[in-house]
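[1] Okay, structure incoming, though there's no sequence with it:
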């Protein structure tokens, strides 16, 4: 709804306007959905609101971090919510049990004390897109916000109704929010960030034009450029050069650029290429890219900065472009990036299959692999990379087809999943038999795996010692051993 969507133009005006709305006593402030791409400032905004709301008369403010949601279930959500309420000194019973009913008791107690509750929730897409959260869960939250003095402020990468899984998209929960969208900075804000961050002189004003050309008005990339430029300026006798600065930023921003690219639709990718080549892009795709903050508001449209534009050029797979970027020192270490057409015909990444009930084990595993993914020694895929609002079944099927290695995190929850048994395992096992895909299965918890076809493959850890039976130090040794095997397998020639 266009009337409820505002593109943020003035940061402080917006921040203070939002704060004023939340401090209103009557009527109870509306719940707010803050929509913005990764690195556009949602977390910083929620932190600012928390710092201002805490200690305000008549307001109890709790901040919930969805990254702390080890168990991605409804009970896991309420466990994290309870810890947040404890930190905010909300009135809690001494009972170990905490669910929706106990949450209502907290709201009733606060209301009797003439206090309102504001809950700030970051990365709400972790909940909205997770099929483990039922329609009843969202309807309960809506009821609490409607009938009690409760205001929800949630941050997400996309509009809630679009990123929610198809089992809950009809819930009236998504209608209680006023939607605010974060976008690129204004020209004045960009100048302020470069020249007077925090109200102090930075000494970077002479390079303002160069910084703008490299990063555009994207807040994260601006901060990254200013940090690099400040480091160059502090070196005695060294005068910063534009090409050197751009090379440093392109290298350090590579993972962020790739994230943007991989989370763009085919139409958006084609339009980005068209903008680079001076061709006419798809208007609908350009509107979407503008909304996401990756295309400027100018007419004709342009990619937000030269660094990301250079990254997009490399996606064309042009030999001449690749040679030119390498001659400038802009290409990151490692082999030339493959084109999307090449990726369609080669198995190139590690697919992780797991039950959402075992989300904490997925995080353990990915955390151990991080040194390898950071340097792009390997590439991993799990369903948390599904595009917000995307066709999740098609994206999973595409990832299955291009997987070189499959890691199965096997547990009772894993074997209980009909989706895994019917949709994920058959193509993986078939590819292992016919296309040379490698199966790594890891026993997370004791279960009836011997009654399945998984038992035909060698386990990556000792089945007599599942991960959940080990102490932390021993478990880390096992995970390191598994990751080293994955590295060797991942770096062998693709089939």
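    Everything's here; your move. Note that the structure is a prediction, hence the values are computed from the model and not measured. Numbers count the residues shown, from 1 in each chain.

[2] rest of the way, CA atoms for contacts and neighbours
    Will do.

[3] isn't residue 142 right up against residue 152?
    No. Using Cα atoms under 8 Å, residue 142 makes no contact with residue 152, being 9.6 Å away.

[4] Tell me how many other residues surround residue 188.
    Residue 188: 11 surrounding residues under other Cα atoms under 10 Å.

[5] any idea of the mean pLDDT for whichever helix or strand it is part of?
    Assigning secondary structure by DSSP states H and E places residue 188 in helix 187-195. The pLDDT scores in helix 187-195 average 84.

[6] Please pull up the helix or strand immediately following that helix.
    Past helix 187-195, further along toward the C-terminus, the next helix or strand under DSSP H and E is helix 208-215.

[7] and that following helix, what does it pack onto?
    With contacts defined as 3 or more Cα pairs under 8 Å, 6 or more residues apart in numbering; DSSP states H and E, the packing partners of helix 208-215 are helix 187-195, helix 219-233, helix 306-315.

[8] TSV for those, including distance to residue 82?
    As requested, those are arranged in TSV below (distance: least, Cα to Cα, whole Å):
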stretch	distance to residue 82
helix 187-195	37
helix 219-233	32
helix 306-315	41
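
[9] Comparing those helices, which comes out most buried?
    For those, average neighbour numbers computed from mean count of other Cα atoms under 10 Å are highest in helix 306-315, which has a mean of 20.

[10] right, and residue 157 touches residue 40 too?
    No. Taking contacts as Cα under 8 Å, residue 157 lies outside contact range of residue 40: 9.6 Å.

[11] For the protein, give me the ranges with low pLDDT.
    By pLDDT under 70, the low-scoring segments of the chain are 1-15, 25, 70, 235-240, 316-348, 375-377, 385-394, 398, 490-495.

[12] Next, the buried residues of the longest helix seen in it.
    Counting by DSSP state H, the longest helix found in the chain is helix 472-490. Under the neighbour-count criterion of 16 or more other Cα atoms under 10 Å, helix 472-490 has 475, 476, 478, 479, 482, 483, 486, 487, 489, 490 buried.

[13] And for stretch 63-72?
    Neighbour-count burial for stretch 63-72 [16+ other Cα under 10 Å]: 63, 64, 65, 66, 69, 70, 71, 72.

[14] So which of those belong to helices?
    Using DSSP H, no member of the buried residues of stretch 63-72 sits in helices.

[15] of those residues, closest to residue 230?
    Lowest distance from residue 230 to the buried residues of stretch 63-72 (Cα to Cα) belongs to residue 65, with 32.0 Å.

[16] which residues touch that closest one?
    Contacts for residue 65 (Cα atoms under 8 Å, 6 or more residues apart in numbering) come out as 80, 121, 122, 123.

[17] mind putting these in CSV, neighbour count, secondary structure and distance to residue 100 included?
    Shown next, in CSV, are the contacts of residue 65 (neighbours: other Cα atoms under 10 Å; DSSP: H, G, I helix; E, B strand; the rest coil; distance: Cα to Cα, whole Å):
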residue, neighbour count, secondary structure, distance to residue 100
80, 20, helix, 13
121, 21, strand, 17
122, 23, strand, 20
123, 19, coil, 21
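
[18] Mind putting the buried residues of helix 472-490 into JSON lines with distance to residue 58?
    Formatted as JSON lines, these follow (distance: Cα to Cα, whole Å):
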{"residue": "475", "distance to residue 58": "47"}
{"residue": "476", "distance to residue 58": "46"}
{"residue": "478", "distance to residue 58": "51"}
{"residue": "479", "distance to residue 58": "48"}
{"residue": "482", "distance to residue 58": "52"}
{"residue": "483", "distance to residue 58": "51"}
{"residue": "486", "distance to residue 58": "54"}
{"residue": "487", "distance to residue 58": "55"}
{"residue": "489", "distance to residue 58": "58"}
{"residue": "490", "distance to residue 58": "56"}
